[in-house]
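Student: give me a 3D structure for the following:
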Amino acid sequence: MRIAIGNLKEATHPDTLKAAFAELVSMFIFVFPSEGCAIALANMMTSDGAATPGGGFIAAAISHAFSLFVAVSVSANISGGHVNPAVTFGAFLGGHISLFKTILYWIAQLLGSVTALFLLKIATGGLDTSSYALRGGETPWNAVIFMIVMTFQLVYTVYATTIDPKSGDMECIAPISIGFVVGANTLGGGGLYGAAMNPAMAFGQAVDSWKWNSQWIYWFGPFVGAAIAALVYEAIFISSRNAHEQLPTKEEFESLVSAPGCECEKSKEYVLHFQKLKLFQFHMGLNETYTQARSQILLMTPLPNVNQAYAMVISDESHKSVASQAAILGMSPAVNDKNLEIAMYARNNPGGSNNQKFKINFNL
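Tutor: Next up, the predicted model:
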């Protein structure tokens, strides 16, 4: 478990605020049609209110799956497409989002849910919205176990398709995979406990109906399920040494770090340029497992030499906290040098618009 606290500056950064707003909008996109479907089904019940028409749960599951598919899709490239406080909590426990950003996401998600239900109330002329509650005969802990299992499935799917650095092309199908697992669980648990894998939706319903009984179930269960999924996936599939390809040996890079053959006196600028070039070549030899390590090292001021960079990468088991090793070498992270980022992008995208900048910056 890697916890990142963050700071107030991060929480007020424009990009963070944009991401939080994206979460608010996505939550609205998810809740409005999902709850609209629930209201419609409730008003189609038989006169004695004893039964829901056949196919009602299927309709609810489809509504949840489709709306979540869209909600995740439209915010995935901005906020990560969490659309669920439990998903955000799981990402936080894995160190993929800071505490400050997590809290901001939670606030946005709750506001999105409340806003959707408020507008539904107006649009339907005051019809009652659904609210999660025990159906009778079950104990609260029966519901908690159900919520834990369902949310575990959801967050595990999120990790496998979006958070795992090896997910690759899986990210393309992440929204539909996430929508499907929610739809399936809605079919399986909707008739029992409401299939409340999303605390924000439960909160919005409670605010709208002002019924808070059993509300704790729909927070405690999903958060525990999310925590289990995050910790299991991180421990087994991400943090394990076996999850990474072997780091190339130092000897494999010796040809890249040898000094030029000329005996001429080099200016300070040329030496720095040469150091950057060799660092860049060193990192191009690392596979995509080390993307974060590469960017952190290349943005350090002063730049480490290749031997130092190699030592920092190899000393970190997860290869994801390289910047923390900089203090040992008397360096401090900095983000004032974008040339190397441009170069790395151009190297991986030879047909891209930045290719010419790459050639100019590195004389290649």
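Student: every contact and neighbour count from this point should use C-alpha atoms.
Tutor: Fine.
Student: low-confidence bits of the stretch 101-250 of the chain, can you list those?
Tutor: Low-confidence segments of the stretch 101-250 of the chain, defined by pLDDT under 70: 133-137, 191, 193-194, 240-250.
Student: the longest helix along the chain: what's the following helix or strand?
Tutor: In the chain, taking DSSP state H as the definition, the longest helix is helix 14-42. Counting by DSSP states H and E, the next helix or strand C-terminal to helix 14-42 is helix 56-75.
Student: elements contacting that next one?
Tutor: Secondary-structure packing of helix 56-75 (3 or more CA pairs under 8 Å, 6 or more residues apart in numbering; DSSP states H and E): helix 14-42, helix 174-189.
Student: please tell me how far the residue nearest to residue 66 when sequence neighbours are not counted sits from residue 155.
Tutor: Once flanking residues are discounted, residue 66 sits nearest to residue 179: 6.4 Å by CA to CA, 6 or more residues apart in numbering. In this structure, residue 179 and residue 155 are 12 Å apart, going by CA to CA, to the nearest Å.
Student: which of those two has more neighbours?
Tutor: residue 155 (30 against 23; other CA atoms under 10 Å).
Student: how much space between that one and residue 105?
Tutor: Distance of residue 155 to residue 105, given as CA to CA: 16 Å.
Student: now name the helix or strand holding residue 3.
Tutor: Assigned by DSSP H and E, residue 3 falls within no helix or strand.
Student: doesn't residue 100 make contact with it?
Tutor: No: shown here, residue 3 and residue 100 do not form a contact pair, counting by CA atoms under 8 Å, at 11.3 Å.
Student: just the C-alphas of stretch 200-215, formatted as CSV.
Tutor: Taking C-alpha atoms only, stretch 200-215 is exported to CSV below (Å, rounded to 0.1, in the frame of the first residue of the first chain):
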residue,chain,number,x,y,z
ALA,A,200,-22.5,8.5,-4.1
MET,A,201,-25.7,7.2,-5.6
ALA,A,202,-26.9,6.0,-2.2
PHE,A,203,-26.0,9.4,-0.7
GLY,A,204,-28.0,11.2,-3.4
GLN,A,205,-31.0,9.0,-2.8
ALA,A,206,-30.8,9.6,1.0
VAL,A,207,-30.6,13.4,0.5
ASP,A,208,-33.6,13.4,-1.9
SER,A,209,-35.8,11.2,0.3
TRP,A,210,-34.3,12.1,3.6
LYS,A,211,-34.2,8.5,4.6
TRP,A,212,-30.9,7.7,6.3
ASN,A,213,-31.6,4.3,7.8
SER,A,214,-29.1,1.7,6.7
GLN,A,215,-27.1,4.4,4.9
